[in-house]
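> One predicted model, sequence on top.
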Amino acid sequence: MNTNRKLALAGTITALLATVSWFTVFNSDDSDVAARNDSLAWFQSGAYEVGVATVPDTPHVGENDLIIKVRLAGGNSVGNVAVSAYAEMPAMGAMPAMRSPAGLLETTAGQFEGAVDLRMRGAWPLSVRITNREHGVAEMTFDLATDRTGLRIAIGGTPIDGSGIEAGRHAETITVDSRRRQLIGLETSAVTHHDLVKTIRAIGSVTYDERLLTRIALKYDAWIGELDVNYAGAPVMRGQRLFSIYSPELLAAQQEYLEARKRLSRRHSDDSLLNAARQRLKLWDLSDSEISALEERGTPREYVPISAPADGVVVAKHIDSGSAAKRGQTLLQIADLREVWIEAEVYEADIDLIREGMSATIHLPYLPDRTFAAVVDFVYPYLDKASRTVRLRLTLDNADGALKPDMYAEVRLNANIGHRLAVPESAVIFAGESRVVFVDLGAGQLKPVRIKTGQHAAGLIEVTAGLTLGDVIVTSGNFLIAAETKLKAGIDQW
């Protein structure tokens, strides 16, 4: 065989080998792609159906391929979609968080491939974000860990088409292994019934007992003569002279009464005129003893004394010697301080717990060593619009005068709520209008559950819906779990 024929034969053999190699590679790629696609677990998230898988199926330390396929609900394709993903090991102690972006590229329509570098053994939660101008944004988080097969959905999606049996069993759950539980300081307890007693604290003040207030006023115009009680705060006793007044009307009434008596003695009149004149004097607050003194004198008195109608203390003074006094004008006000009121304000949320007759204890800042016991006498039947509070009233004995009007007082009321299902306050996460707890399902699985709450009492929160007796919930470390699993992003799915 000459040299030319040898060269031609060699070229033919090379071409055939290249063709066989090409077919081999092509067939291998098709088979590999098909196998990789078959391993996808599908989930519904917003308007999208998302298939996710790692290669190998059990991630290892180092680079692991990541496949994400996106289509619309119902299986329709979607164009102009952007997909990003990253795996992140949370910070532990002094070690900062480690993030590994997937660097996804669209290899075929709707299918994205990349790789995540898991630099050490442990949990690497996988976050996936899908964006399309027409169909919006979807965010999903998966529990991914080295040496553990498959991906489990944490938040943001639900399994579809029967795929992801393991994920379906743990849908909307969070996986926290024992090592992470120790790092977080996670603690749990069973949900039980408690006898709830709520301590309601209300700020109030000391005020006068309105039933023991006396207002001094005249039923005629007059002028003030001598003023015996000439300052506010002066103690007075019933029958004590307060001041004297001069009134032309009262002077004329006295004269008419004396004239009626004279006419009656001369038989020029009847008893009715005398009785009418006497009644007029009594209606103008002259006592029987003062009328008898008038009869004995036989002459009217120009300056008539005004006496205290009750014991107490002068708390308001509006006159001076020589000043004019109009009928109906308040001249003095007297309060009996041997008994006082405490008026306190309770917020609208606690109104249903307040009852007349319930016991209370009262503390005053200036008497830190004394405690006063009282009961609720009255709950006012209206609400203050500005402060959204309702007033309640308590009565206290004040024989020693220790309680002064306008003093501040702290009122504590113990409201018995009853035997209710309740959880520790530390177990409840407040997310906007939502109240969420983590229920421990066992096998390292935690499920966020939305609950409805009632009254708060002594570090406990009443649960009206969402939990049942015996449920095991997280009571410590839940805020770290919520932060790690992006609570706010997943709240709509809860």
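Looks like it arrived, so ask away. Keep in mind the model is a prediction, meaning the values are calculated, not measured. Numbering: from 1, shown residues only.
> rest of the way, CA atoms for contacts and neighbours
Noted.
> ok, the closest residue to residue 116 other than its chain neighbours - contacts?
Excluding its sequence neighbours, the residue lying closest to residue 116 (CA to CA, 6 or more residues apart in numbering) is residue 102, at 4.9 Å. Contacts for residue 102 (CA atoms under 8 Å, 6 or more residues apart in numbering) come out as 66, 84, 85, 86, 87, 114, 115, 116, 117.
> quick check: mean pLDDT across stretch 63-83?
What stretch 63-83 shows for mean pLDDT is 90.
> show me where pLDDT drops low in the stretch 101-250 of the chain?
When residues are selected by pLDDT under 70, those of the stretch 101-250 of the chain lie in 161-173.
> quick one on the thing from earlier: now for the contacts of residue 102, which pair is the farthest apart?
Within the contacts of residue 102, 84 and 117 form the most distant pair, 15.0 Å apart (CA to CA).
> quick one: strands adjacent to whichever strand or helix holds residue 188?
Element membership for residue 188 (DSSP states H and E) is strand 187-190. Neighbouring strands of strand 187-190 in its sheet, by DSSP bridges, are strand 472-476 (antiparallel).
> Let me see the domain layout of this structure.
39-167, 187-196+419-490, 210-335 (automatic domain parsing).
> okay, those domains in a markdown table with distance to residue 379 next?
Converted to a markdown table, those look like this (distance: least, CA to CA, whole Å):
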| stretch | distance to residue 379 |
| --- | --- |
| domain 39-167 | 49 |
| domain 187-196+419-490 | 20 |
| domain 210-335 | 15 |
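> To residue 398, which of those domains lies closest?
Residue 398 sits nearest to domain 210-335 of all the domains of the chain, at 12.4 Å, using CA to CA.
> before we move on, back to that, centre of the chain to the strand holding residue 188, how far?
24 Å (CA atoms, centre = their mean, to the nearest Å).
> now for the helix or strand just after that strand, which elements pack on it?
With elements assigned by DSSP H and E, the helix or strand that comes after strand 187-190 is strand 192-208. If contacts are counted by 3 or more CA pairs under 8 Å, 6 or more residues apart in numbering; DSSP states H and E, strand 192-208 sits against strand 339-347, strand 408-424, strand 445-457.
> Neighbouring strands - and their directions - for strand 192-208?
Using DSSP bridges, strand 192-208 pairs in its sheet with strand 339-347 (antiparallel), strand 408-424 (antiparallel).
> Ok, which of those comes nearest residue 467?
Closest among the strands paired with strand 192-208, using CA to CA: strand 408-424, at 8.7 Å.
> Tell me the buried residues in that closest one?
Neighbour counts over strand 408-424 (16 or more other CA atoms under 10 Å) mark 408-415, 417, 420-424 as buried.
> Let me have those in a markdown table, extended by pLDDT and distance to residue 256.
Conversion of the buried residues of strand 408-424 to a markdown table gives the following (pLDDT from 0 to 100; distance: CA to CA, whole Å):
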| residue | pLDDT | distance to residue 256 |
| --- | --- | --- |
| 408 | 93 | 54 |
| 409 | 92 | 55 |
| 410 | 93 | 58 |
| 411 | 93 | 58 |
| 412 | 93 | 61 |
| 413 | 91 | 61 |
| 414 | 88 | 64 |
| 415 | 85 | 65 |
| 417 | 85 | 69 |
| 420 | 89 | 77 |
| 421 | 91 | 80 |
| 422 | 91 | 80 |
| 423 | 91 | 82 |
| 424 | 91 | 82 |
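> Any buried residues in stretch 350-357, and which?
Residues of stretch 350-357 classed as buried by neighbour count (16+ other CA under 10 Å): residue 354.
> May I see the helices and strands packed on strand 192-208 arranged in TSV, with distance to residue 130 as well?
Shown next, in TSV, are those (distance: least, CA to CA, whole Å):
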stretch	distance to residue 130
strand 339-347	46
strand 408-424	37
strand 445-457	23
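> Please name whichever of those strands is nearest to residue 43.
strand 445-457 (17.9 Å).
> That closest one pairs with which strands?
In the sheet, strand 445-457 lines up with strand 174-175 (antiparallel), strand 434-442 (antiparallel), strand 460-465 (antiparallel) (DSSP bridges).
> just how off-centre is that strand within its chain?
Counting by CA atoms, centre = their mean, strand 445-457 comes out at 15 Å from the chain centroid.
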